[in-house]
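J.: I need the structure of the sequence given here:
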Amino acid sequence: MKVAEQLSVRDRLGAHMRDELGIDQAALSRPIQAAWTSAASFASFAMVPIGALLVAPSPFRVPAIAGLSLASLAALGALGGHLGGAPPGRASLRVAIGGALAMAVTATIGWILSILIAP
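T.: Next up, the predicted model:
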C-alpha cells in the first residue's frame with residue numbers, strides 16, 4: 001500500500017493511467033501534428049498530377065493524371081502508415097482504393113452532368 005501511495009503522491013490520474021491502464025503519455029496521438037503533416041503532404045503531392053498535365057501528350061493526359069495521382073496517393077498512404085506505425089502496404093492499398101473510388105465517382109458525376117447539360 002505504501003508503494004501505491006508514493007507513486008500517486010503527485011499525480012494520481014497519471015499514475016493510474018500509467019500503472020493500472022498501461023497508457024503512456026508519450027505514446028498518445030497528436031491530432032494537430034497529424035493534420036498539419038497531412039495537409040502539407042497532400043499539398044506537395046498535388047503537384048504530381050499538375051506535372052503530368054504539363055508533360056503528357058494531349059491524348060494521354062487523363063490516364064497519366066489518373067495513374068500518377070493513384071501512385072502518389074499510394075505513396076502517401078505507405079508513408080502515413082510507416083509514420084503511424086501501421087503496416088505500410090495495407091495503408092497504401094486503403095488510400096489508393098479510396099482515391100480510385102473518389103475518382104470514379106467524380107468522373108461519373110462529370111459524365112452525367114455533361115450529358116444533361118450538353119445540347
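J.: tell me the mean pLDDT over the helix or strand where Ala75 lies?
T.: Assigned by DSSP states H and E, Ala75 belongs to helix 61-84. Average pLDDT, helix 61-84: 91.
J.: quick one: distance of it to the chain centre.
T.: Offset of helix 61-84 from its chain centre (C-alpha atoms, centre = their mean, to the nearest Å): 10 Å.
J.: what packs against that helix?
T.: If you count contacts as 3 or more C-beta pairs under 8 Å, 6 or more residues apart in numbering; DSSP states H and E, helix 61-84 packs onto helix 31-45, helix 47-55, helix 88-117. C-beta here means a position set from N, CA and C on the backbone, and glycine is covered the same way.
J.: export the ones you listed to TSV and tack on mean neighbour count, distance to Gly77 and mean pLDDT?
T.: Below are these laid out as TSV (neighbours: other C-beta atoms under 10 Å; distance: least, C-beta to C-beta, whole Å; pLDDT from 0 to 100):
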stretch	mean neighbour count	distance to Gly77	mean pLDDT
helix 31-45	11	10	83
helix 47-55	13	14	90
helix 88-117	13	3	91
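J.: got those helices as JSON lines, with distance to Ala78 columns?
T.: As requested, the helices and strands packed on helix 61-84 are exported to JSON lines (distance: least, C-beta to C-beta, whole Å):
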{"stretch": "helix 31-45", "distance to Ala78": "12"}
{"stretch": "helix 47-55", "distance to Ala78": "15"}
{"stretch": "helix 88-117", "distance to Ala78": "4"}
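J.: among the ones you listed, which comes closest to Gly81?
T.: Proximity to Gly81 (C-beta to C-beta) singles out helix 88-117 among the helices and strands packed on helix 61-84, at 2.7 Å.
J.: angle of the closest one against helix 61-84?
T.: Inter-element angle recorded for helix 88-117 and helix 61-84: 150 degrees (by axes from the mean of the first three to the mean of the last three C-alpha atoms, to 10 degrees).
J.: show me what helix 88-117 is packed against.
T.: Applying 3+ C-beta pairs under 8 Å, 6+ apart, one finds that helix 88-117 makes contact with helix 61-84.
J.: buried ones in the helix it packs on?
T.: Within helix 61-84, the residues that count as buried by 16 or more other C-beta atoms under 10 Å are 64-66, 68-70, 72-81.
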